[in-house]
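Asks: pasting the sequence and the predicted model now:
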Amino acid sequence: MEFWSGIGGLAKSRAAPRSLALDYAQLVDSAQALEEMGFDAFSASEHHFTYDGFCPAPLVALAGLALSTRRIKLVTGALLLPLYDPLRIAEDAATLDRLSGGRLILGLGMGYRPLEFDGLASEKKTRGKRLVEMIELLRLALSQERFTFRGEHYCFENAAVWPRPVQKPHPPLWFCGGNTKRAAQRAGSAGLPYWLATCTYERAAECVQAYRDAGREAGIPPERLRVAVFKDFCIAATREQALALREKVLHAFYDEHILGFGYLVDEAGRHLYNPPRTHPLYAQFVESIFAGTPEMVAAEIERYERLGVEAMFVATGQKELFAREVLPAFRKRSADRRATNNP
Amino acid sequence: MRVGIFYGSGGTPEQLSQLVEQIGLADRLGIDSVWIADRRGQPDTLGSPAIVLAALAKRTAAIRLGTFKQLGAEHPVRTAEDFALVDLLSGGRLNFGAALEADGAEADVREHLQEALDLIAAAWAFDEFSYGGTHYRFPAHTAPGTGLRRKRFGAEPYRPQWERGPELPDFLTVTPKPLQQPRPPIWILASARWLVPLAAERGYSLVLPPAPLPSLQAAADAYEEGLRRAGRARSEVELAVIADLPLGPEGLAPDALERAHGLHGATGANHIVWRIPFPGAPHAAIAASLRRLASEVQPHLQA
């Protein structure tokens, strides 16, 4: 299991303002600290305008780390692809892969907030189709010196993108498609690596199954069906303390993002504003944040390992605790496995 | 007078790593500014300036980081966001230069360029604003021709955020803001003569690309005249001139200082930007020339 983490992303609220300038001033320190703690990747997310103004341009933020870190992978989690010009994003991604010595991983989402589409003059209702087209376009642009793509929304004849990325055939492209079965099936039948949004283990297992079934039906070779997850943890010495911590974290998040900004989305894709705390989707959201002791957290991660999940984005304010109490066991196990595989 | 360097290309893997090394050296030597082009389509072209400058931001300490960004291909708000990050990552060292896309004729692109720059400047300066131009509208549902508008503080009674729900606000705030105050300098690369009065009218700084002295002098005079007509002071802006770094068989040509004085004398420019012959001259020769530029030329120009 690879462990990915990052900063920012919905961490700013009206009741708890932060200095964004300071976050950027400390960006390299933050990434180096994660690298030293043993995380495999540093991830930056994307949002625009008032809601979460931390990072509107994850590739630019990650570029700030390209020449100042050595090992840690640089991940967009997620970059809202339909908001971009396809050739520009291919060129930016290739340049960053080049500058970072081949450490770029692209997590690609479609975006959901109406005002982000309105702000950047991008059509919202076509975003799902455009996302799928653009991922294919990126795959071609990043893997071939010359490419032709004819889609419903984008057409390019014999186009070229320079520079060429370091990674062959191309930097990994992950489809970040929420946590519904429909999204999982879409990723599976397109044969795209699937990065699952935060949810309970049970939901994750269902989605992974739906993803693999759809992939098999579409004739995708099993080795191309890869899964990563976002996962939130609250960690404490006892389960009760961990639950109390979760309640505290949730309180701020609920008031800001869930009540006001439509963070919860139902199966039909509708955003919920001001949902009651008794709403079943809220209960699911609460349960998606795993609260427990370090041993319980490790056992939970093992369940994801058995599902075949290869990378986990660890969303927690307790990165040091996680790195100290949970990470070492997995590091040791994968080192043991390497030793067994390469005697 | 400030001393800068300019790279017009350098995008192949080997060139890119040499370019990073040369700019790192220029920073340690105390060169004032570096500028990179924004071009695409060839193996050695240098594009994605926001990515390259963001990477350089954490590799350098004092040198100002500039580009001539081609406006037109992407939404100006996206450009404002990208370069606000470059300014933040570099501790406020961004020089934002705007260039025309190749082959832009005045009639087609003048209004585009003006609107894009107005929108970028507004995005950096204001919270909760809207912009209704002919070519660009922000947010997109803004009526064309309404220009720049700002939400009046306290104009509306308080409503909880959830009540606003999915409605599209008429005014948006672009975040994060750049670090420099009042804003990162906006420059115009004067690749065509009509850009000179446009820069003067809006109070943007001007960069003159390499040209014979009389032509540079005429452009500088037109800039002065434009500033005067707009009621602007010369001290509001900077004038830079790009010239080829003179290289002889021994490295930096002995007349580099003389040429700088000549350029200053003809134009009143307070910033000389040397175009590095890269790719072309070997990496070691360029590094040696940068050292001599910093030790033998720059001190005489700073006086």
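Replies: Yep, it's here.
Asks: shouldn't A:Arg88 be in contact with B:Gly72?
Replies: No - with contact defined as CB atoms under 8 Å, A:Arg88 does not reach B:Gly72; the gap is 11.6 Å. The C-beta positions use only the backbone N, C-alpha and C, and glycine is treated the same way.
Asks: could you list the buried residues of stretch A:309-323?
Replies: A:Val309, A:Ala311, A:Met312, A:Phe313, A:Val314, A:Ala315, A:Thr316, A:Gln318, A:Lys319, A:Leu321, A:Phe322, A:Ala323 (16 or more other CB atoms under 10 Å in any protein chain shown).
Asks: which ones among those are found in helices?
Replies: Using DSSP state H, the members of these that fall in helices are A:Lys319, A:Leu321, A:Phe322, A:Ala323.
Asks: quick one: the helices in the stretch 101-250 of chain A, in order.
Replies: Along the stretch 101-250 of chain A, counting by DSSP state H, counting those that start in this stretch, helices occupy A:114-119, A:127-143, A:181-190, A:201-217, A:239-253.
Asks: is the second one in proximity to chain B?
Replies: Spelled out, that is helix A:127-143. No - under the criterion of CB under 8 Å from any CB of the partner chain, chain B is not reached by helix A:127-143; the shortest gap measures 12.2 Å.
Asks: number of residues surrounding B:Val196?
Replies: Residues lying near B:Val196 (other CB atoms under 10 Å in any protein chain shown) number 22.
Asks: helix or strand for it, which one?
Replies: helix B:195-202 (DSSP states H and E).
Asks: can you list the low-confidence ranges for the chain?
Replies: Unless you meant another one, I'm taking chain A. Counting by pLDDT under 70, chain A has low-confidence residues at A:8-12, A:51-53, A:341-343.
Asks: actually it's chain B I care about, not the one you picked
Replies: Ranges of chain B meeting pLDDT under 70: B:102-104, B:303.
Asks: contact partners for the residue of it found nearest chain A?
Replies: As assessed by CB to the nearest CB, chain A sits closest to B:Thr175 within chain B, at 2.7 Å. Residues near B:Thr175 by CB atoms under 8 Å, 6 or more residues apart in numbering or on different chains: A:Leu20, A:Phe49, A:Thr50, A:Gly53, A:Phe54, A:Pro56.
Asks: before we move on, the earlier item: of the helices of the stretch 101-250 of chain A, which is nearest B:Thr134?
Replies: Of all the helices of the stretch 101-250 of chain A, helix A:114-119 sits nearest to B:Thr134, with 18.6 Å by CB to CB.
Asks: can the closest one be said to contact chain B?
Replies: Yes - contact of helix A:114-119 with chain B (CB under 8 Å from any CB) involves A:Pro114, A:Leu115, A:Phe117, A:Asp118, A:Gly119.
Asks: who wins for most neighbours among these?
Replies: A:Gly119 (27 neighbours).
Asks: ok, now which ones touch that residue?
Replies: A:His48, A:Phe49, B:Val77, B:Phe138, B:Pro139, B:Ala140, B:Leu172.
Asks: what's near enough to touch the first one?
Replies: Translated: A:His48. Neighbour list for A:His48: A:Pro56, A:Leu83, A:Arg113, A:Leu115, A:Glu116, A:Gly119, A:Leu120, B:Glu81, B:Val174 [criterion: CB under 8 Å, 6+ apart].
Asks: the third one too?
Replies: Shown here is B:Val77, whose contacts under the criterion CB under 8 Å, 6+ apart are A:Gly119, A:Leu120, B:Leu119, B:Ile120, B:Ala123, B:Phe138, B:Val174.
Asks: can you give me the neighbour number for the last one?
Replies: Think B:Val174. Count around B:Val174 with other CB under 10 Å applied: 26.
Asks: and A:Phe42, by the same measure?
Replies: 26.
Asks: centroid residue for the chain?
Replies: The chain I'm using is chain A. Geometric centre of chain A, nearest residue: A:Gly77, 3.3 Å, by CA atoms, centre = their mean.
Asks: if you could check chain B rather than the one you did, that'd help
Replies: Central residue of chain B (CA atoms, centre = their mean): B:Gly97, 1.8 Å from the mean position.
Asks: surely it touches B:Trp35?
Replies: Yes - the pair B:Gly97 and B:Trp35 passes the contact test of CB under 8 Å, sitting 6.8 Å apart.
Asks: need the overlap of contacts for these two.
Replies: What both B:Gly97 and B:Trp35 touch, as defined by CB under 8 Å, 6+ apart, is the set B:Gly66, B:Thr67, B:Phe68, B:Val207.
Asks: among these, which pair sits farthest apart?
Replies: Pairwise distances across the shared contacts of B:Gly97 and B:Trp35 (CB to CB) peak at 10.9 Å, for the pair B:Thr67 and B:Val207.
Asks: overlap of the contact sets of these two?
Replies: Common contacts of B:Thr67 and B:Val207 (CB under 8 Å, 6+ apart): B:Trp35, B:Gly97.
Asks: show me the helices in the stretch 1-150 of chain B, by range?
Replies: For the stretch 1-150 of chain B, applying DSSP H, counting those that start in this stretch gives helices covering B:13-29, B:49-57, B:76-89, B:106-125.
Asks: out of those helices, deepest packed?
Replies: helix B:49-57 (a mean of 28; mean count of other CB atoms under 10 Å in any protein chain shown).
Asks: got the CA coordinates for that one in PDB?
Replies: Output in PDB follows, covering the C-alpha atoms of helix B:49-57 (Å, rounded to 0.1, in the frame of the first residue of the first chain):
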ATOM      1  CA  PRO B  49       5.700  29.500 -18.100                       C
ATOM      2  CA  ALA B  50       3.600  29.300 -14.800                       C
ATOM      3  CA  ILE B  51       4.900  25.800 -14.200                       C
ATOM      4  CA  VAL B  52       8.500  26.700 -15.000                       C
ATOM      5  CA  LEU B  53       8.500  29.800 -12.900                       C
ATOM      6  CA  ALA B  54       6.800  28.100 -10.000                       C
ATOM      7  CA  ALA B  55       9.500  25.500 -10.000                       C
ATOM      8  CA  LEU B  56      12.200  28.200 -10.200                       C
ATOM      9  CA  ALA B  57      10.500  30.100  -7.400                       C
END
